[in-house]
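Student: Below: sequence and its predicted model.
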Amino acid sequence: MYYGIPLILPMRYEHLIRLLDLTVAITLVLIFLPFWIIVPILIYFESGPPIIFTHKRVGLNGKSFNLFKFRSMVPDADDILHNKDQELLKLFKDNDWKIPNDPRITRLGKIIRSLTIDEFPQLINVLRGEMSMVGPRAYLKRELDEQSKRYPETKQYIKRILSIKPGITGPWQTSGRNEIPFVKRAKMDAEYAENRSIWSYITIIVKTPIAMISKW
């Protein structure tokens, strides 16, 4: 267990959310099937393997899982950030774990990120039951550890965030995306976790394509 005891919701609700997750995820996999073929080919020819980027994230009750994405950065992006470029690492942490105009992103990566195509493989995480279509961000453990020390007021939020599965999309992704600072993001995620409902789930699913289009 991580950051406290999880909240338990009625089992029927969890079953319904799981059914919605499977329905939406399978539908999206089928609709965007050509991307599952074309994007890996383009990534391979631009910068070689690996095609899928895996990252350890913290999920339900603090349990770690491998989050999947189409790789949008150079193959050794993590090594560059944490071991080779201290200035980049400082910029990363000073900007709430984001890097403006990140130099590690490939040319193709900029395109698939702008279209949110890089996140398609997370549908596999949903099918595996590690994520939900809607929920809090899937955070890195070290991000939660460091940010909770930097912003002690967020410890109460993190406890709520880890009480449910992380989501591919969520409340702050549909109302400002990465421009929202960590404290506000954590609060919004915690409020969703505590007050979530079928209606809020459906509302965020509907708002997500609008948020994606607004980035273009």
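Tutor: That came through, no problem.
Student: So H55, which state does it fall into?
Tutor: strand (DSSP: H, G, I helix; E, B strand; the rest coil).
Student: Spatially, and excluding backbone neighbours, which residue is closest to it.
Tutor: Of all residues not flanking H55 in the chain, L67 sits nearest, at 5.0 Å (Cβ to Cβ, 6 or more residues apart in numbering). For glycine as for every other residue, the C-beta is placed from the backbone atoms N, C-alpha and C.
Student: For the one you found, the count of nearby residues, please.
Tutor: Residues near L67, counting by other Cβ atoms under 10 Å, number 23.
Student: for it, what are its contacts?
Tutor: 54-57, 122, 125, 130-131, 138 (Cβ atoms under 8 Å, 6 or more residues apart in numbering).
Student: For those, give me JSON lines that also has distance to I26, neighbour count and pLDDT.
Tutor: Conversion of the contacts of L67 to JSON lines gives the following (distance: Cβ to Cβ, whole Å; neighbours: other Cβ atoms under 10 Å; pLDDT from 0 to 100):
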{"residue": "T54", "distance to I26": "22", "neighbour count": "13", "pLDDT": "93"}
{"residue": "H55", "distance to I26": "24", "neighbour count": "12", "pLDDT": "90"}
{"residue": "K56", "distance to I26": "26", "neighbour count": "12", "pLDDT": "94"}
{"residue": "R57", "distance to I26": "22", "neighbour count": "20", "pLDDT": "96"}
{"residue": "Q122", "distance to I26": "14", "neighbour count": "22", "pLDDT": "97"}
{"residue": "N125", "distance to I26": "14", "neighbour count": "24", "pLDDT": "98"}
{"residue": "E130", "distance to I26": "16", "neighbour count": "21", "pLDDT": "97"}
{"residue": "M131", "distance to I26": "14", "neighbour count": "26", "pLDDT": "97"}
{"residue": "A138", "distance to I26": "20", "neighbour count": "22", "pLDDT": "94"}
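Student: My read is that L108 contacts Y44, right?
Tutor: No - using Cβ atoms under 8 Å, L108 makes no contact with Y44, being 10.3 Å away.
Student: and the two? which has more neighbours close in?
Tutor: L108 (19 against 13).
Student: so who does that one touch?
Tutor: 42-43, 46-47, 72.
Student: Show the buried residues in these.
Tutor: Buried residues within the contacts of L108, counting neighbours by 16 or more other Cβ atoms under 10 Å: 43, 47, 72.
Student: how much space between the residue nearest to H55 and E153?
Tutor: Computed as Cβ to Cβ, to the nearest Å, the L67 to E153 distance reads 26 Å.
Student: go on, F70?
Tutor: From F70 to E153 the distance is 35 Å (Cβ to Cβ).
Student: So which of the two has more stuff around it?
Tutor: F70 (23 against 10).
Student: so what's that one bridging to?
Tutor: I52 (DSSP bridges).
Student: ok, now how distant is it from L89?
Tutor: In terms of Cβ to Cβ, F70 sits 24 Å off from L89.
Student: if we can go back for a sec, secondary structure and pLDDT for the contacts of L108 - can I get that in CSV?
Tutor: What follows is those, written out as CSV (DSSP: H, G, I helix; E, B strand; the rest coil; pLDDT from 0 to 100):
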residue, secondary structure, pLDDT
L42, helix, 97
I43, helix, 96
E46, helix, 94
S47, helix, 91
S72, coil, 95
